[in-house]
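Chemist: kindly return the folded structure for what I paste below:
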Amino acid sequence: MSRYASFASLVAITATMMATPAFANDAPAADRDGGSPTKAAKPESLHTRQSSEIVVTAPFQRDRLDILSGVSVVQGAELTQALRPTIGETLARTPGVSATSFGPNASRPVLRGLQGERVRILTDGIGSIDVSNTSVDHAVVVNPLLADRIEVLRGPSTLMFGSSAIGGVVNVIDKRIPRVVPDEAIHVDMIGTYGSAANERSGAGAVDVPLGDKFVVHADGSYLKTGNLRIGNYVLSRRARATALANAGTETPEQLDEGIDFAENARLRGKLPNSQSKTWTAGVGAALITDTGNLGVSYSHYDSLYGVPDRYSIRPGEEQEGPRLSLAQDRVDLRAEVETGGGLLKSIRARAGYATYRHFELEENGDVGTAFYNKGLEGRVELVQSDRGAWKGASGVQYFSRDFNVVGDEAFLPRNSTEQFGIFTLQQLDYGKLKFEGGARFEHTSLIAKPLPDQPQFFQGQRKFDAFSGSLGASYAIADGWRLGVNASRTTRAPSAEELFANGPHAGTQAFEIGNPDFKKERAWGVEAILRGKGQGYSLEASAFYNWFSNFIYESLTGDVEDGLPVFQSNQAKARYYGFEVQGSLDLAKLGEMTLTADGLADYVHAQITEAGPAPRIPPLRVAGGLQLSGKNLDVRGEVEWNDGQKRVAAFETPTDSFTLVNAQLNIRPWGNERPLSFALSANNIFDVDARRHASFLKDFAPLAGRDFRITARASF
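Modeler: Below is the predicted model of the structure:
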């Protein structure tokens, strides 16, 4: 605990020292060209929404056209329509993104077929400091209801956030630490949603109050409650039902004592049992903001109780449980920035977060079966260079620490700690038509397993890793508004504590999980080509990628059963991941003051593990398209999304069938954009199809939502 307190104090003292000279001098800093002075880059007011063409997940803002990898920005009406209780489902329609879909309450993004440790989920640049990376049944402690915008980023910039961002970064940007002093006596943001499939009722509100012209205080809260999810057909997949019916009558005495009936399991339909949830959050923040700097802090509490869908027994000897998770997190965040006025540095930025987290996996009778405890700290300081002609860049340091413990009869991990220190840099050369970008990162990681004396099954000891990663790319403007780019990367990742030390039953995933303490560093070479273009009434973005892994860590079914649970063993091998993403839009016609637009996307990942076959849980080919009629007060949209069946499966993994979702949306702005009040209505999965994501561990036991009518109201005043 002492190292958390000492580091937090150091960051706070450093940030205060950084900010002091800026707050003492309100003179605006010179702009990048040495011309007239400008204010620090920030929205002009709380009613001004930043363009979706600008990406802010980096020390310096950049136009999407200049980024050397696939990137997505979700905000405004698109975010309002996409909002779901989890960050995974909120982003599931984004190009290159699928979701783990471990029921409706625990769904993490899957980027280009990579998930878990290879995807970083950030809150305003700092990790979510939860245990969602530990297992797919653990919810991400990020509330999409409070998001102002979400950015999904890959490529050189991800090296700033850790080697575990090899798959990409999802950065959820909110207003909990204010960035702007309101130009009104009080500013209020409100949102409310109802969804029919889960009887979902949610609402969130935030208040910002200026105290003078440089200080602002903030408060927010949210509440979400859902029932069991309505589904389009059977709970079990077609293949799982066939297995259950074939084994009907062969239940073991232990299974019969627990009331397990294979035939009854096969008949379940209409509702997904044990998928209800209740979540509430509360937070406060304050910030001191001037023309040349800002210093802000916040406190937040997250509390959730949710069910984890059963992995139903369909064979003799398999256990069947319906656990619920009771989760709570308390978190403190700090953000500081000062513009130095030029010279060597343009600005210095600091960001830190500390959180205590716990969740209980509850038995069906309400008793605590297994308890998870986590204390985590992450901090970073970035030094943004002054622009030197074509050259701009930033460098910094990052520190991460975690103390993690699992207590209970089904503890699959020993008590362990992780400490990581990183140094990174991101540099750009801009010659107009020709641009270069490079990044590098060195990272030292120390992991210690500290099992109790009565836990002889666990490894005891320490593993240390030094990892270096780098990336280099270039882009060329082939025409006005069109740019072609390519980047190459070499990434090294230290194994996580879960991959090294796991060895036991995990009730939440209904799996017996086994790691390997002798794992080596995971290494990967990657190359990506990207084409972006836009013009009057059209846009196009296409990217293709290829990654060569050595010592790739993957988890696969062995076919064995331990403690009544299927065994998942972690292994290392060479692997190849390649694929593409493409999205575009085209204005078809002007109908009075309204515009008819067609848009579409497609994405695909092919993953092969050398000498082992296809990688597990890889999303299949997806193609989607829509027609939208847009005007000042009204948007009307219809869309179709087709997901191919996945037949390329790992050993003991089941395939999934193809499915097609048809959706309709309506956005209403009664007073246009002049007064920020909007309503979003949608009908999703209109034909009530049975849809299952192949990236999900529970694809055979937990389908996606059936027909779902949703209405969301958002106001800002």
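
Chemist: which stretches in this protein count as helices?
Modeler: Shown for the chain, the helices assigned by DSSP state H span residues 2-24, 76-82, 87-90, 238-246, 253-257, 262-267, 497-501.

Chemist: what's near enough to touch the residue nearest to Gly638 when sequence neighbours are not counted?
Modeler: In space, and not counting its chain neighbours, Gly638 is closest to Ala664: 5.1 Å by CB to CB, 6 or more residues apart in numbering. All C-beta spots, glycine's among them, are computed from the backbone N, C-alpha and C. When contacts are counted by CB atoms under 8 Å, 6 or more residues apart in numbering, Ala664 touches 637-639, 682-683, 686.

Chemist: buried subset of these, written for PyMOL?
Modeler: Here is the PyMOL selection string for the buried members of the contacts of Ala664, based on 16 or more other CB atoms under 10 Å:
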select buried, resi 637+639+682+683+686
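
Chemist: measure Gly113 to Ala467 for me?
Modeler: Using CB to CB, to the nearest Å, Gly113 is found at 22 Å from Ala467.

Chemist: between these two, which has more neighbouring residues?
Modeler: Set side by side, Gly113 and Ala467 give different neighbour counts by other CB atoms under 10 Å, the larger being at Gly113 (25 against 20).

Chemist: and the residue lying closest to that one once chain neighbours are set aside, bridged to which residues?
Modeler: Of all residues not flanking Gly113 in the chain, Val605 sits nearest, at 3.9 Å (CB to CB, 6+ apart). Beta-bridge partners of Val605, counted by DSSP bridges, are Gly579.

Chemist: is Val605 in contact with Tyr577, as I believe?
Modeler: Yes - Val605 is in contact with Tyr577 according to CB atoms under 8 Å; the separation is 6.5 Å.

Chemist: shared neighbours, these two?
Modeler: In terms of CB under 8 Å, 6+ apart, Val605 and Tyr577 are both contacted by the residues 112-113.

Chemist: so what's the residue nearest to Gly592 when sequence neighbours are not counted up against?
Modeler: When the adjacent residues along the chain are set aside, Gly592 lies closest to Gly631, with 8.0 Å between them (CB to CB, 6+ apart). Counting by CB under 8 Å, 6+ apart, Gly631 makes contact with 592-595.

Chemist: just the pLDDT at Gly631, thanks.
Modeler: According to the prediction, Gly631 has pLDDT 94.

Chemist: try the one 5 residues further on
Modeler: You'll see Val636 listed with a pLDDT of 98.

Chemist: repeat for Asp137
Modeler: In this model, Asp137 is scored at 88, pLDDT.

Chemist: again, but for the one 4 residues further on
Modeler: Val141 carries a pLDDT score of 95 in this model.

Chemist: repeat that for Arg483.
Modeler: The predicted local confidence for Arg483 comes out at a pLDDT of 95.

Chemist: next one: it from Arg269, what distance?
Modeler: From Arg483 over to Arg269 the distance is 50 Å, taken as CB to CB.

Chemist: those two: which is more packed in?
Modeler: In terms of neighbours (other CB under 10 Å), Arg483 is the more surrounded of Arg483 and Arg269; the figures are 22 against 14.

Chemist: quick one: contacts for Gln460?
Modeler: Counting by CB under 8 Å, 6+ apart, Gln460 makes contact with 414, 449-451.

Chemist: return a PyMOL selection command for the buried portion of those.
Modeler: Selecting just the buried residues from the contacts of Gln460 in PyMOL takes one command, with 16+ other CB under 10 Å as the test:
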select buried, resi 414+449+450+451
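
Chemist: which of the contacts of Gln460 fall in strands?
Modeler: Applying DSSP state E to these, the entries found in strands are Ala449.

Chemist: tell me which of the contacts of Gln460 is nearest to Leu426?
Modeler: Top of the list for closeness to Leu426, among those and by CB to CB, is Ala449 at 33.9 Å.

Chemist: ok, the closest one touching Thr418?
Modeler: No - Ala449 sits out of contact with Thr418 when judged by CB under 8 Å, with a separation of 10.4 Å.

Chemist: quick check: neighbours shared by these two?
Modeler: The contact sets of Ala449 and Thr418 overlap at Ala497 (CB under 8 Å, 6+ apart).

Chemist: output the lowest mean pLDDT helix or strand found in this protein.
Modeler: The helix or strand of the chain with the poorest confidence is strand 37-38; it has a mean of 32 (mean pLDDT, DSSP states H and E).

Chemist: so for stretch 179-186, mean pLDDT?
Modeler: 93.

Chemist: now that stretch: buried residues?
Modeler: Buried positions in stretch 179-186, judged by neighbour count with 16+ other CB under 10 Å: 179-182.

Chemist: could you find the closest non-adjacent residue to Leu111?
Modeler: Excluding the flanking residues, the one nearest Leu111 by CB to CB, 6+ apart is Gly168, at 4.0 Å.

Chemist: what residues are up against that neighbour?
Modeler: Applying CB under 8 Å, 6+ apart, we find Gly168 in contact with 111-112, 114, 119-120, 152-154, 158.

Chemist: can I get those in CSV including pLDDT, distance to Tyr312 and neighbour count?
Modeler: Listed next are the contacts of Gly168 as CSV, based on pLDDT from 0 to 100; distance: CB to CB, whole Å; neighbours: other CB atoms under 10 Å:
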residue, pLDDT, distance to Tyr312, neighbour count
Leu111, 95, 30, 25
Arg112, 94, 31, 30
Leu114, 94, 28, 20
Val119, 92, 28, 25
Arg120, 93, 33, 23
Val152, 93, 33, 23
Leu153, 89, 38, 26
Arg154, 80, 37, 30
Thr158, 86, 38, 28
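
Chemist: gap between Arg358 and Asp480?
Modeler: 55 Å.
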